[in-house]
Each structure stands twice: as structure tokens, then as C-alpha cells.
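Asks: quick one, what's the 3D model for this:
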Amino acid sequence: MAVWIDHLNAPFPAPIEGYLEWHSSDDLPDALRPRTWPAGATSFGTVHLEVPEVPMSSTPLAILVSLDRSGSMTDVCGDGRTKLEHIQHVLKNLCAMVAKYTSSGAVSVRICFLVFSHDVTNILQERYTALGSVDAGGGAAAGAGADPITLDDGFVDIIPEHLPAIYDALDHIDAWGLTNLEKSFKYVHTKMETYRASHPGHRVVHIQMTDGEATAGKKTPAELQAWVDPTDQHIFVGVGDDHDSMLLNYLADRSPLGEYRFMDQLEKSGWICGEILYNLLYPFPRNDDILHLRMTEGMRVYDWRTNTWTTELVLPLLAGKMQKDYHLCMGAGGVDEEATAEAVAEAAVYICNTDGALVNILTALPPLVDVVTGERVPTDLTKYLLRQRTQECLYRVKTYETAVRDRPRLGRRMGPNREDDGTTEDVNRVRCPDIATLHAELAQLYRELELRKEVATEDADVDFIQVLMDDVRVTQGTLGTFRGHMYTSSRMTSQGNQHSYTPTGSTMTGTMPVEWYTRNTTTYTNSSVFSMMTEVAGGEPYTVK
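Replies: Residues are numbered from 1 along each chain as shown. From the prediction side, this is the model:
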């Protein structure tokens, strides 16, 4: 249940609803008991959030796309097209879709394409300067056979009459050179700073797409973080399974506005871009404010990023029509047979904005009572307990992968941007017993998930558990390999942020059934999000049943 706090001039078009639920039984079997529970915790619960449907944002949106054009972008994918060709195709579809919405004038979206290798170029400016049709101030421009366009600080409005010029610029991106992330981040930092100063009423978003590790300039997270402002919205997209997932994760985790995505199958890159686009067009709240969940005394909420239970959780950026679930626990004296009524009456979660202003208060649903027997109907949160165990396990694996990534390893297992320092390590000593323990834990968890899936009676629960099984199998299939960190961290992120798209891999035949590669959508999607995902991918709009 929710108690809506109606603030004067609040930036919320409708309340974000929600409620709390508590698992009826405190006597949890060992297979379900969270391993990270704080001392004294006895009860497990969830807080369910329902974001209302909102209209497309009328605030002008400026999208800064920073695209890797290094030589590796010519690598050929399974369908015969190169990485760059896939990205060009998806960006064209994205712009075409946006142009449908902007044609009425009610929505304003503009885009800037920065391409980088060992240098950085605004491809629109470069293309039309080469044609001799851009004036010194970056004003009117025209491509070959295209209608005139206007560049405003390097950005062009995405409207139907500008599409030929945008397509022409994208078609003239050539892949060559090294990967200098430092120059890219510096250029983006300056561009966002100057654009925001001259357009104070606009939302500005940076989407970085890169397929490899830095091969020129500064390379470490500590060196590069200075050029990634945590107050800006950055979406880091790893293209293919050779990118530096540790770096992108690190930069994304510096701020609630940061986000890491993994394009594991380039053929489905449109799905990821479609989900990103939906979140940008339908933001909630309307001003991109960051929402926080605050607990009442005795309660804790699970933070999947740190694998800890805390009194406050910072939420990711939300979008309209989304539903989110987060895990709760209560200490001794909380929900049990004797104190249920008191706990339900007192337990609450407060939704606050960045300034600490109260937005909403969520309380527990009243217990269901059997009208015949008069007895309380048990609340079964087993699937969320299974999710809790999966998230804990994925965090442990990610911690392992992060720890060993910088050690000299066999083959490509060497850490990013590191040369072998000449030292030798006993590979078995490095891999064991930690990796053996993790494999055993993953195998045990997978068996438990299989058993729970077999006895599940609701189709929604079966699908929910299947996604958890995929989390575990993908993680186990890549554990201890060069790609282990990127798959584990991306599955952990998609599960924690409850994304619609999640990576399954395209090169792991032999470790997983082939049909697993088609299960890139999770149970967290909805018809509106998935329709945009399929349209940006180039397919027909799709409705989730």
C-alpha cells in the first residue's frame, strides 16, 4: 500500500505506487537462507514498486554518441556483417524511430556522433566540411543529395528531413587506428560541459560504444575516471566480447546515473539500444531525479552492487510502466507468528528524492484471509529468496574474477593493459580452491533452481526461475575464462537493475545448449519496452503477452 505525499510543484505526474510483502515462514531451509543476512535478521520480504505510465518527455533531449572506430570494428560477426555495420544499422533505425515522434514538434531530440580511434572527430561536421557546405560557425550544412541541416554545437535535430544527412554521415564512418579512450573521454567531458552551459534546459546523455581495450593514451580506471563526471548520465556499452568490462563497470559504478551494457550478440544490438531509448524517452521522474529507498528502524534492504544489507538504497533511473522488486530483511522481534500484526503496522519504506524530500510511503499489504476457514493465507516469496541466493553467488564470482584478472594468466587471461612482468605462478594454486568452491556453489544452486522450477505452478514463476537458471549457467560456463568478468558482471547488472535484455553469449556452444542464446529477454520486460526494442532492431513491433 502507498500513502502519496502531494508536494507543491512536485516533479511527479503521478505517484509511484508500491507495497511490502513478508515471507510467511521464518523457518527457512538452508538452500533458501540468504548468506549475507545481518546478525539478528529473522524475516525476509520484498518492496514492490510500480512506476506509472507517463507521456514521452517534452524536455529537449541531447544524445551524445561516442563510437569506437578503431580497426577491430571491422571484425566480422556470425551473420557476415562487421561490428561497425551492425552499429551503423542500429543507429539509423534508432534515428528513424525518434523522427516519428519528433515530426509533430511535441518532442525534441537531437544527436551528435563522435567517432574515435587514436583521435576524435564529430562525423557530421567532418562529413559536411569535406563537402564544403558547413559555414565557419557550424551553421547550415548539406550532404550530397540531402536537405540542408543545422548543427547546433555539433548536434543535429532528429527530424524526418534530416534523416538522409544523418544516414550519409553514418555511412562514411571508416574503421581504422588504435583505441584512445582518454581522448574520447576528454572530448566528451568538454562537449557536455559546453553544451549544458549553452542549453541549460536540456537533458544531456552520453552513450559510449567500444569493442576493445585502450591501446593508446591513458588506460587504467584511476587515470580515466577524472574525465567521467559522475553528475552526468553515462551509458557505457561494450560491443562484442573483447571489450574491457572491468573499466566500463568501474566507470559506470561511480554514479547512480552510470550504466553498463554488454552487446554480446551484435545481431541483437538493436534490442539493447531500443531499451536504452525507451528509458530516455519516458523517464520517471520527469527531471531525472534520483530516488532513494529508506528503511524504518530494524529493517534493511539488499544492495546487489555491494552484496550488503543497508538502511538506504539508491535506485537506478526509472522509466514509465516499469515494475521493480527489492529485497528486505527485518531483525529479531520483527515478523513472526506472534508479532505479525505489529510488524505490518510499523514496517514502512520511504521513497525520497535526492534532496531528501519525502515522495511516498510504502507499507505492507494486509494479510489475505481464507473466507471459509478464517485462517491467514501464507505469503510465499520463495522465488525472491532464490533470486537473493543467485545475486549473492554472482557477486562472489564477480569478486573472484576481478581479483584474478590482473594476475599473469594463461593465454588471454592476462589482465587488461598489462604486460607479463616475468613472474610465474602456479596456475592450480591460483585457480584452487576458490574457483572449485565457486563451481560447486553454482552447481548446487542450479540444482536447487531446477527442483523449484519443476514444482512451480504459475507460468510467471517458471519463467522467473528460468532467468535465474540462465544467470547461473552463463556464469558457470565462463568462470575462470577471459570473458568471465564481462558475462558475470553483465548478468549481475541486468538482474540487479532488472533490465529487459540480458546477455547469453554467442560463442559458447559446447558449454550451453544453443537454444539458450535466444533467451535474451527477461521477465522484467513489458510490451511497451519490447516493442521499442524490436523496432530499433529492425523488426516489427512485438507485444508481450
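Asks: now name the helix or strand holding Met330.
Replies: Using DSSP states H and E, Met330 falls within strand 323-331.
Asks: repeat for Tyr384
Replies: Short version: Tyr384 belongs to helix 382-405, going by DSSP H and E.
Asks: how far does that helix sit from the chain's center?
Replies: Here helix 382-405 is found 17 Å from its chain centre; the criterion is C-alpha atoms, centre = their mean, to the nearest Å.
Asks: do the same with stretch 475-486
Replies: Centre to centre, stretch against its chain (C-alpha atoms, centre = their mean), the figure for stretch 475-486 is 19 Å.
Asks: give me the average confidence score over it.
Replies: What stretch 475-486 shows for mean pLDDT is 89.
Asks: how long is that stretch end to end?
Replies: Using C-alpha to C-alpha, to the nearest Å, one end of stretch 475-486 lies 10 Å from the other.
Asks: same check on stretch 168-178?
Replies: The first residue of stretch 168-178 is 24 Å away from its last residue (C-alpha to C-alpha).
Asks: can you give me the buried ones in that stretch?
Replies: Burial within stretch 168-178, assessed by neighbour count using 16 or more other C-beta atoms under 10 Å, is assigned to 168-170, 173, 175, 177-178. All C-beta atoms are positioned from the backbone trio N, CA, C, and that covers glycine.
Asks: who does the strand holding Met330 pair up with?
Replies: Sheet pairing of strand 323-331 (DSSP bridges) gives strand 41-50 (antiparallel), strand 299-303 (antiparallel).
Asks: got CSV for those, with mean pLDDT, distance to Asn353 and mean neighbour count too?
Replies: Output for the strands paired with strand 323-331, formatted as CSV (pLDDT from 0 to 100; distance: least, C-beta to C-beta, whole Å; neighbours: other C-beta atoms under 10 Å):
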stretch, mean pLDDT, distance to Asn353, mean neighbour count
strand 41-50, 91, 14, 21
strand 299-303, 94, 17, 21
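Asks: got JSON lines for those, with distance to Thr231 too?
Replies: As requested, the strands paired with strand 323-331 are arranged in JSON lines below (distance: least, C-beta to C-beta, whole Å):
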{"stretch": "strand 41-50", "distance to Thr231": "24"}
{"stretch": "strand 299-303", "distance to Thr231": "21"}
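Asks: rounded mean pLDDT for stretch 362-374, please.
Replies: 82.
Asks: returning to what we had before: can I get the strand holding Met330 as PDB, trimmed to CA atoms?
Replies: Below are the C-alpha coordinates for strand 323-331, written out as PDB (Å, rounded to 0.1, in the frame of the first residue of the first chain):
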ATOM      1  CA  GLN A 323       7.900  -2.600 -12.100                       C
ATOM      2  CA  LYS A 324      10.800  -3.200  -9.700                       C
ATOM      3  CA  ASP A 325      11.300  -5.500  -6.700                       C
ATOM      4  CA  TYR A 326      13.900  -5.200  -4.000                       C
ATOM      5  CA  HIS A 327      14.700  -7.500  -1.100                       C
ATOM      6  CA  LEU A 328      14.100  -6.700   2.600                       C
ATOM      7  CA  CYS A 329      15.000  -8.200   5.900                       C
ATOM      8  CA  MET A 330      13.900  -7.500   9.500                       C
ATOM      9  CA  GLY A 331      15.700  -8.100  12.700                       C
END
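Asks: residues of that strand that come out buried?
Replies: 324-331.
Asks: for Tyr187, state which of these is nearest.
Replies: Using C-beta to C-beta, Lys324 comes nearest to Tyr187 of the buried residues of strand 323-331, at 34.7 Å.
Asks: for burial, what's the neighbour tally of Pro85?
Replies: Careful, residue 85 is Glu; it's not Pro. Per other C-beta atoms under 10 Å, the neighbour tally for Glu85 reads 18.
Asks: that one: what secondary structure?
Replies: Under the three-state scheme (DSSP: H, G, I helix; E, B strand; the rest coil), Glu85 adopts helix.
Asks: any idea how far it lies from Ile158?
Replies: Per C-beta to C-beta, to the nearest Å, Glu85 is found 21 Å from Ile158.
Asks: and if you look at Gly45?
Replies: 44 Å.
Asks: now do Tyr278
Replies: Per C-beta to C-beta, Tyr278 is found 16 Å from Ile158.
Asks: likewise for Gln125?
Replies: 16 Å.
Asks: with neighbour numbers in mind, choose between the two.
Replies: Set Gln125 next to Ile158 and count neighbours by other C-beta under 10 Å: Ile158 wins out with 25 against 19.
Asks: pretty sure the more buried one contacts Met97?
Replies: No: judged on C-beta atoms under 8 Å, Ile158 makes no contact with Met97 at a distance of 9.2 Å.
Asks: by mean pLDDT, which helix or strand of this protein comes out lowest?
Replies: Across the helices and strands of the chain, mean confidence by mean pLDDT, DSSP states H and E is lowest for helix 427-431: a mean of 37.
Asks: and the next helix or strand after it, what other elements does it pack with?
Replies: Note on helix 427-431: by DSSP H and E, the next helix or strand toward the C-terminus is helix 434-455. Packing partners of helix 434-455 (3 or more C-beta pairs under 8 Å, 6 or more residues apart in numbering; DSSP states H and E): helix 382-405, helix 459-478.
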